[in-house]
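# Predicted model and sequence follow; I will ask about them next.
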Amino acid sequence: MIIKKNSNATVDVSTSSLAYSADGTMVSAADSSLEALGAGCTSVLYEAFETETQIDHYDTTINVAESEYYESVIQDLEYVQNDIDGGAVFQVTNNGDKAAEFVEGYMLYFLGDQLVDYQSTYFVDDDSEIKPGATISEQLNAYKDFDRTEFYLTGRSSKW
């Protein structure tokens with residue numbers, strides 16, 4: 001799920017979803033969470049359904065609460081995308097004044113309007129951070145044909 005924060009508060013977002021087949025039978029459940037989504041920031045929530053049954057539709061509950069422990073860093077992260085055969089190399093830089101913790105990048109691969117693949121990876125050093133002013137590079141590859149991509153980041157910083 002692509003999620004955009006339109007208000008001023010930094011929030012934590014969690015989801016809980018039930019997946020159903022075309023005949024209405026519940027076939028799987030999944031949940032996800034995203035900490036410290038800042039004002040005007042866009043990111044991704046990822047839910048993995050463990051079923052081989054074709055999913056027809058979902059019922060999703062979304063919970064949003066003001067973040068108690070973390071600040072947003074997504075607005076301080078800048079990336080350069082260098083397309084390569086079958087994917088891209090990303091260079092993510094922390095332009096903020098605090099370490100960005102647990103920065104994860106999500107690449108969504110589309111063929112037309114259909115999502116056909118996704119990949120994710122962490123952009124972190126040995127301390128699980130991108131220090132202020134630092135750049136970390138990673139490569140993401142698709143395993144299916146695609147004609148366009150979208151890229152999103154998550155991350156946070158402790159309030160204290």
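On my side now, so go ahead.
# Residue 144 and residue 22, how far apart?
24 Å (CB to CB, to the nearest Å). Using the backbone N, CA and C atoms, a C-beta is placed for each residue, glycine as well.
# One more: residue 101?
When residue 101 is compared with residue 22 (using CB to CB), they lie 42 Å apart.
# These two - which one has more neighbours?
More crowded of residue 101 and residue 22, by other CB atoms under 10 Å: residue 101, with 18 against 10.
# Would you check that the more buried one makes contact with residue 131?
No: taking contacts as CB atoms under 8 Å, residue 101 lies outside contact range of residue 131: 10.5 Å.
# show me the contacts for residue 15.
Listed by CB atoms under 8 Å, 6 or more residues apart in numbering, the contact set of residue 15 reads 1, 31-33, 45, 47, 60-63.
# my bad, residue 4
40-42.
# Most neighbours among the contacts of residue 15, which one?
That'd be residue 45 among the contacts of residue 15, by other CB under 10 Å, with 21 neighbours.
# Quick check: phi and psi at it.
phi -110, psi 130 (degrees, to the nearest 10).
# check contacts around residue 102.
122, 124, 128-129, 154-156.
# quick check, nearest of the residues you listed to residue 6?
residue 154 (17.6 Å; CB to CB).
# element containing the residue of the chain positioned farthest from its centre?
Centroid-distance maximum for the chain: residue 23 at 30.9 Å, with CA atoms, centre = their mean. Assigning secondary structure by DSSP states H and E places residue 23 outside every helix and strand.
# partners of the helix or strand hosting residue 105, with directions?
Assigned by DSSP H and E, residue 105 belongs to strand 100-111. Applying DSSP bridges, strand 100-111 is found paired with strand 114-122 (antiparallel), strand 129-130 (antiparallel), strand 148-158 (antiparallel).
# Could you identify the helix or strand that succeeds the second one?
Looking back up the chat, that one is strand 129-130. Scanning onward from strand 129-130 (DSSP H and E), the first element met is strand 135-141.
# who are the neighbours in contact with the spatially most central residue of the chain?
Centroid-nearest residue in the chain, with CA atoms, centre = their mean: residue 44, separated by 3.2 Å. If you count contacts by CB under 8 Å, 6+ apart, residue 44 has them with 1-3, 34, 106, 108, 152, 154.
# buried subset of these?
3, 34, 106, 108, 152, 154 (16 or more other CB atoms under 10 Å).
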